[in-house]
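**Q** Pasted the sequence and its predicted model underneath.
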Amino acid sequence: MIIKDEFLGRIRKIFGLNLYEAKVWTAILSRGVSTAGELSNIGDVPRSRTYDILESLEKKGFIVMKLGKPIKFIALKPDEVVDRVKRNLVLDAADRSKRLDKLKGEELMKDLSSIYVQGVKFVEPHELSGALKGRNNIYNHLDMISRGAEKSITVVTSEEGLGRKFEALKDTFEKAKKKGVKIRFAAPITAKNVKMAKELSKFAEVRHADNLDSRFALVDGKELLFMVLNDKEIHSSYDLGVWINTPFFANTVDKMFDASWDKMTPLNKMKL
């Protein structure tokens, strides 16, 4: 059976399988019921690996072992596999989340933190910079530096970005506000995002920026995270951010932004 690499690649990505698992699964789908030896030949997989692969697929809910001899394996309907994989992902995520929450209070976390504190002493300030690929990674990093904010958080974003950041970081911004952190948001305010802007204004000062075509965030005048691409022209997975920890440059950007901020229209004075 010849299966195109592109097809196998999609299966691997969507279902979280390795190459051999994808080959064996498609092989058993083509037969319905089959032995390990047959699947090894059909899927072009080493016979020595086939039983381990079938055991893995069985645990993941892709197949069922048939009673009797010789041992055979039964393919499940793809629709059923999708449902099982979804359920397993939810259960696995919940289990991992519980373990990570529990880890915060354990001795291991204290040891890891101690190692980090000792290591970061030898890092020069100019070395604390990096590139962030993908919007999820960018937002995770923005969340991290925002949680460490002590004085101020300034965010300049696009029309669509305002809503995205509100949804992703709402809890973080609310907690920062309760700590006394001053939060400012500048973005084009339109009929599409005005409702979200009003929700955001409960814990941040929001102003309309119609001629500020950029995306960046400043925290405490020390850390700067800026996006280098237009979010209207790229997929979220290709978004690119640059993070730098430099009070010298970040503070300068903060002062330059202050001049623009004074010229922006406050949300409560807009008519939409």
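**A** Looks like it came in fine.
**Q** The spatially closest residue to residue 229 that is not a sequence neighbour: how many residues sit nearby?
**A** Nearest residue to residue 229, sequence neighbours excluded (CB to CB, 6 or more residues apart in numbering): residue 240, at 5.6 Å. For every residue, glycine as well, the C-beta is placed using N, CA and C. When neighbours are counted by other CB atoms under 10 Å, residue 240 registers 16.
**Q** Hmm, residue 135 and residue 240 touching each other?
**A** No: contact between residue 240 and residue 135 fails when scored by CB atoms under 8 Å: they sit 9.5 Å apart.
**Q** give me every residue that touches the residue nearest to residue 229.
**A** Taking CB atoms under 8 Å, 6 or more residues apart in numbering, we find residue 240 in contact with 131, 132, 133, 227, 228, 229.
**Q** Show me just the buried residues among those residues.
**A** Among the contacts of residue 240, the ones that count as buried by 16 or more other CB atoms under 10 Å are 132, 227.
**Q** how about JSON lines for the contacts of residue 240, with pLDDT and secondary structure added?
**A** Putting the contacts of residue 240 into JSON lines (pLDDT from 0 to 100; DSSP: H, G, I helix; E, B strand; the rest coil) gives the following:
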{"residue": "131", "pLDDT": "90", "secondary structure": "strand"}
{"residue": "132", "pLDDT": "92", "secondary structure": "strand"}
{"residue": "133", "pLDDT": "93", "secondary structure": "strand"}
{"residue": "227", "pLDDT": "94", "secondary structure": "strand"}
{"residue": "228", "pLDDT": "92", "secondary structure": "coil"}
{"residue": "229", "pLDDT": "92", "secondary structure": "coil"}
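**Q** Quickly find the element holding residue 73.
**A** According to DSSP states H and E, residue 73 maps onto strand 72-75.
**Q** cool, residue 92 as well?
**A** Remark: residue 92 resides in helix 78-103, with elements defined by DSSP H and E.
**Q** buried stuff in that helix?
**A** By neighbour count on 16+ other CB under 10 Å, the buried set for helix 78-103 is 81, 85.
**Q** now swap in stretch 145-158 and tell me
**A** 145, 146, 149, 152, 153, 154, 155, 156, 157, 158.
**Q** measure residue 154 to residue 133 for me?
**A** Look at residue 154 and residue 133: by CB to CB, to the nearest Å, they are 23 Å apart.
**Q** cool, residue 151 as well?
**A** 29 Å.
**Q** for residue 15, same thing?
**A** From residue 15 to residue 133 the distance is 24 Å (CB to CB).
**Q** Likewise for residue 88?
**A** Residue 88 sits 28 Å away from residue 133, going by CB to CB.
**Q** same check, this time on residue 163
**A** From residue 163 to residue 133 the distance is 22 Å (CB to CB).
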